Every structure is written in C-alpha cells, then in structure tokens.
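Undergrad: Got a predicted model here, sequence first, then my questions.
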Amino acid sequence: MSNTSCHYEVLLEDQSLRDGLQMESRIFSLEEKLALYRILKKTGIRRIQVGSFVHPGIVPQMADTDSLIRAIGKEADVVLSALILNEKGLERALSCGVPHVTLSVSVSDTHNRKNTGIPAAEALESMSRLIPSSLQSGIQVRSGLQCVFGCVYEGAIAESAVLRAAGKLAEAGVKEINLADTTGMATPGAIRGIVHALKQELPHVTLSLHLHDTRGLGLVNLFSGYEAGVRSFDVCAGGLGGCPFVKGAAGNVAVEDVVNLFESMGIGTGIDLKTVCNAVDYLEKILDRRLPGHMNRVVENRLDT
C-alpha cells in the first residue's frame, strides 16, 4: 500500500520528543526540539507526543514542554499530545492548550513510587478523578498503564491487576488505554494474552501499545499486538528512549523499522520512510552516536530541513 493512500490501517504515535529525549543528558534547546518536530511532521505522522508535564528537577529535558507546545501552536493535520502523571500536570496542560494527553499510572507499586513518589493505588485513584476533569475541559484523553508486562523490581505483574486497573480507567470515561511494556519484559505470548483478555473485558475500549526493545523483542511484540487486533502503537525515531526509573531500559521500537514492517506487508501507515530517516540523521548528529534502529542504515537519505 502506498504512503499516499487516504486510508491508513495503523496509527503510529511518535514519542521521540518525550520518551525519546527524557533520558538524554544532553539537553535539547527549544529551537532543536522545534526543528525535530518539523521533520517529524513532514513524515506524515499524525500524532506526536511532544513532552511531559513532570518536575523539571527530576526530568530536566522536559522543563520547556509548555513553551514547546505554545511555540508549535495549533495544528490542523497533526495531533499534539503530552504525558500527564498528576493534577499539577493537568493544570499545565490546560494552561498551554495541548489538545491531547495521556494520563498514565503504573501497575507496579515500586515503579510508581519511583516515578511519581506515591503508591500505585493512590495514583490510580487520582487518575480516575482527573480523567473526567480532562474530558470536560475538551481535551482528548487516552489513559496509560505502565509495567503491564512485568517490573524489574517486582517481577511478573498479575493479569488480574491489569484488568482491574484498566476497568477503573474505563469507568472514568477513557476510550483508549495504552499498555506499556516499560521494562521491555514482554513476550509475544504475553502481548496476545493481555490484549485478548482486555478485549473481552472492555470491548468498547481501544487498545494501543508502548513497547521497549530492551530484550530485542520490540518489533516481534508489536506485530503480535497487531495480530491480536491492536492498531495503534507508540514509536520513536531511531529507537531512542527509555525510562529513568528502570535499570537497563532500552529505547522504544524504531518508527522507521515499524513503517518498513507494515508497508512491506501492504499495511498502510501514511508515513514516508526516507523522511523519518532524516529525523534519525538529525538526532544522531546532535547526540553524536548511532541509534539502534535498523532502516536508517539501509535507506539512502540526506538531511533536508
């Protein structure tokens, strides 16, 4: 299927500016982030998570998220999104006018305490209250569950805990729930199992996947999710990314590799592979290192921005 098709079978949300950058010690300037955003927009990606509203002292790379959203302004053909972990984050989101947010909480108590400083149960209750407030404000909302497929601190996560948390979020009003393999511990079988269980339990909710390639199974897990019926996936240019609170966490599945996978099978993404590789070139130039994605080494491209 051609990239110019007006019908796309999957939605890829690019998170290079948020998950991709949050672990980088080299702080990107507002101008550099804007330049990266403009390249990503040219690719045809239709939803871009440009940052998170978290404490700048903990994740300094995200300190200018508000300014970045204001600098980008209103977009007609790209949905801007941001990550929110608490009420303060929602206040900042409303203030800068971001049209789409992900309200996220971990199903691992240890990880949630490291990530936000509060127990997972308390964070889930808080999110359940913030979801209606967000929806009533006119923001598009998806909710996220972190460490769905395992936690490096707690080990396996019970399916019942995931179902219970997802049910509570759905009761609060969300129509999309993002399942995050924060630690990269997922397997194809685990992906299929959780997706099938949630589809039976919450048939009215759309599921999306956020996968890390820590153990080399990111692309395989993504395709297992597709076979199980998922049609929305989070990606990062070059396979950049990771979690500051997970030891050894690798980056997200590389958008260029995902586009190549789907397009090679006739599954439309609406994303231009060569332009994505321009984004990878831009990141590699600034970071002065090779990123782990594969297709940028295959596609001949030149940075043209």
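TA: Ah, there it is. What you are looking at is a predicted structure, and each value in this text was computed from that prediction instead of being measured.
Undergrad: Give me the neighbour count for the closest residue to Asp109 other than its chain neighbours.
TA: Once flanking residues are discounted, Asp109 sits nearest to Ala120: 4.3 Å by Cβ to Cβ, 6 or more residues apart in numbering. C-beta here means a position set from N, CA and C on the backbone, and glycine is covered the same way. Ala120: 22 surrounding residues under other Cβ atoms under 10 Å.
Undergrad: Okay, buried residues for the helix ranked longest in the chain please.
TA: In the chain, with assignment by DSSP state H, the single longest helix is helix 120-136. For helix 120-136, the neighbour count (16 or more other Cβ atoms under 10 Å) marks Ala120, Ala123, Leu124, Ser126, Met127, Ser128, Leu130, Ile131, Ser134 as buried.
Undergrad: Around Leu179, count how many other residues there are.
TA: 24.
Undergrad: Also the one 5 residues further on?
TA: Gly184 is flanked by 25 other residues according to other Cβ under 10 Å.
Undergrad: Correct me if wrong: it contacts Val220.
TA: No - here Gly184 does not reach Val220: they are 11.9 Å apart, not a contact under Cβ atoms under 8 Å.
Undergrad: Now Glu75: which helix or strand?
TA: Counting by DSSP states H and E, no helix or strand carries Glu75.
Undergrad: What about it, how many residues nearby?
TA: 12.
Undergrad: Report the contact partners of it.
TA: Going by Cβ atoms under 8 Å, 6 or more residues apart in numbering, Glu75 touches Lys41.
Undergrad: give me phi/psi at it?
TA: phi -120, psi 140 (degrees, to the nearest 10).
Undergrad: State the distance from it to Val280.
TA: Distance of Glu75 to Val280, computed by Cβ to Cβ, to the nearest Å: 22 Å.
Undergrad: same check, this time on Leu94
TA: Using Cβ to Cβ, Leu94 is found at 33 Å from Val280.
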